[in-house]
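> No sequence on hand, only this structure:
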């Protein structure tokens, strides 16, 4: 079982989110920041668009030869003294990780930020095995205290305001002076750092995700800003990397190219503060590093996307630019999407991983404004793939009956131009007659989704085709 | 591309779009006037809808049937012009995809796509029009509708033409490239989310303090006009073609008919 989805209740989730004043305040703060920073840093790099093409091509090439590169990568990991664990499902991945931790007699397990660990619901499995997982990314640490899921793939606590964090710290960090000043964000950061430092030193196992796996060297790469990832993977005796199969790239050169679009697209930085390459365990003569290096490689439905109209989604490098630029994400935040991956990338990926019957709302809850695709560093055609999901829903009769029948009536007329012209002319004249005094309707039957929130402008009366015919008649 | 023979004026098929045909014929008339003023011979083939609502709802069969009907009705002209970035985008960008695997129709769909344009882009990019003969007093702000902007690169063209309107000044709102929340059936299916998006849009429009809100797509205009009206705003909402054609004596979108405009 993967993390439990509430995606079938997307509409209800969205309703709650829109009424949540704290959330709306947090979302309004982030709306512009990410966008302006990305635009500025992209504008400064003349080859940015060419790099996006290159990043797309590298990922396409890798996906077309994924089996070969996975094998090559595995051999290189072995050569460096590391271990590879293949996991077809979330259950197999959890089992592999828990087994390694048990064998090490672990009590405390520190974790760097990893969306895959959310996908497989890893913390619950570690706890169930009697060990304590500690999130060390500041945002992840905060939401762990709140027993929440991330609401954004790179900014997990973006749905919170500083005052909420302050009260959580006061609630949990009871060993500290209750009268301490936490009014400034930097004070919150300092306190988190202080609390986490002890956990780092106590950890028996450190788990990180991976932004990339490099086939030619067997290396895993993490891209971070806080340095917690490095402490997570260097200090404990055992380092476990949890990564999905599409993180693979062929060479160090390839990684270097993609890194140039990743941070720019994500946070608007030219590079993240830390970009850390790990190859195998500590070697003789190394000053630090783990004694054991394991990589758990997760499939969980991804290989089934290869060769389908959703293969392009596997290019995703998890920068978050699509959600940063999405008007629907800005309105409802990440939790409303109801599963691990929010925003446009989640609207495409979630139906693949948990089923379109559960995640069917997500590809529909888009205006197709196309801004996500316009900023995607690997040029994933996100709206097109959301449309593919809508097609599958339509074929499988998962589209709501009201939508289906409305579409049917409209199509009946639209396919018959003569009948359409006759009926529409009559209909619009009638509608115009009823709306002529106000010029608008404040409520309309069958269109409450519209008129509950805004007026519906009345038509002018008659149709353009009718008026054009009359004009031509008058001229000749 | 089917470049028009320079010895005769281009024959342009006006695709009004179903929304304009049904809701606001004056936009179609304004489009015809602008095209005729620019030297085109304008015709209006019998038409219904380009099929976009079906295409975006996942109903490919209906989308194909309507596209086929559209191709047959419009392929005999030099150009097809629509007062909409969304519907022109459907023909230009999505018809080729719809018939990619149909050897009989693929060529015809590609050919139609190549000669189909959004109105302001056609006037500026194809005909080289730089100014219009219109006089409209007031300040306008322009909303960049998503499909026109991102599928057809419509951005400078409407502004260039609006700058030539006598008495009109342009003021830009914040986030003018952000979606208004219309999204076709999205506005009804996810009305509450759509409302949140259009509310932010309306706030940006009001903050720019224009007399008029203009855009190139009637769906977006009806959405924004409906919200502004519900909020009690007095900003007039019009299609860019109506202003470029100097046809602002008609009531704006969502205003009562049969009375003088309130300004």
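Cool, the structure landed. Quick caveat: nothing in here was measured; it's all calculated off a predicted structure.
> Check the burial of residue A:284 by counting its neighbours.
Residues lying near residue A:284 (other C-beta atoms under 10 Å in any protein chain shown) number 4. In short, each C-beta sits where N, CA and C put it, glycine included.
> Sorry, slip of the keys, the one I care about is residue A:412.
The local packing of residue A:412 (other C-beta under 10 Å) involves 12 other residues.
> so it is in which element?
If you go by DSSP states H and E, residue A:412 is part of helix A:401-414.
> do you know how far the spatially most central residue of chain A is from chain B?
With distances taken as C-alpha atoms, centre = their mean, residue A:341 lies nearest the centre of chain A, 3.8 Å away. Applying C-beta to the nearest C-beta, to the nearest Å, the value for residue A:341 to chain B is 18 Å.
> Before we move on, what's the pLDDT of the nearest residue to that residue once chain neighbours are set aside?
Among residues not flanking residue A:341 along the chain, residue A:349 sits closest, at 5.1 Å (C-beta to C-beta, 6 or more residues apart in numbering or on different chains). At residue A:349, the pLDDT value in this model is 98.
> same question, the one 10 residues further on
pLDDT for residue A:359: 97.
> Count the neighbours of it for me.
Residue A:359 is flanked by 26 other residues according to other C-beta under 10 Å.
> For residue B:33, list the residues it contacts.
With contact set as C-beta atoms under 8 Å, 6 or more residues apart in numbering or on different chains, residue B:33 has these partners: B:245, B:247.
> Now do the SS call for it.
What DSSP: H, G, I helix; E, B strand; the rest coil gives for residue B:33 is helix.
> ok, and for the helix holding residue A:412, which residues are buried?
Neighbour-count burial for helix A:401-414, counted by 16 or more other C-beta atoms under 10 Å in any protein chain shown, picks out A:403, A:406-407, A:410-411, A:413-414.
> same question, stretch B:38-57
For stretch B:38-57, the neighbour count (16+ other C-beta under 10 Å) marks B:38, B:40, B:42, B:44-45, B:47-57 as buried.
> from these, which ones fall inside helices?
Judged by DSSP state H, helices contain the following of the buried residues of stretch B:38-57: B:52-56.
> So residue A:366, which state does it fall into?
coil.
> Which residue, neighbours along the chain excluded, lies closest to it?
Residue A:366 sits nearest to residue A:386 (C-beta to C-beta, 6+ apart), 5.4 Å away.
> Go ahead and list the helix or strand containing the one you found.
Per DSSP H and E: helix A:382-395 holds residue A:386.
> just checking, what packs against that helix?
Where contact means 3 or more C-beta pairs under 8 Å, 6 or more residues apart in numbering or on different chains; DSSP states H and E, helix A:382-395 is packed against helix A:343-354, helix A:356-359, helix A:361-364, helix A:371-375, helix B:52-56.
> Let me see the residues that make contact with that helix.
For helix A:382-395, the external contacting residues (C-beta under 8 Å, 6+ apart) are A:309-310, A:312-313, A:322, A:344-345, A:347-348, A:351, A:356, A:360, A:362-364, A:366, A:368, A:370, A:372-373, A:376, A:398-399, A:404, B:55-60.
> List the buried residues for it?
Within helix A:382-395, the residues scored as buried using 16+ other C-beta under 10 Å are A:382-394.
> what's the answer for stretch A:171-183, then?
A:173, A:182.
> Would you list the buried entries among the contacts of helix A:382-395?
With burial judged by 16+ other C-beta under 10 Å, the buried subset of the contacts of helix A:382-395 is A:310, A:312-313, A:322, A:344-345, A:347-348, A:351, A:356, A:360, A:362-364, A:366, A:368, A:370, A:372-373, A:376, A:398-399, B:55-60.
> how about the residue in the stretch 151-263 of chain B that chain A sits nearest to, secondary structure?
Closest residue of the stretch 151-263 of chain B to chain A, C-beta to the nearest C-beta: residue B:183 (2.8 Å). The local conformation at residue B:183, judged by three-state DSSP, is coil.
> Identify the residues contacting the nearest residue to it once chain neighbours are set aside.
Spatial nearest neighbour of residue B:183, chain neighbours left out: residue A:367 (2.8 Å); criterion: C-beta to C-beta, 6+ apart. Counting by C-beta under 8 Å, 6+ apart, residue A:367 makes contact with A:327-328, B:146, B:179, B:181-184, B:186, B:194, B:197.
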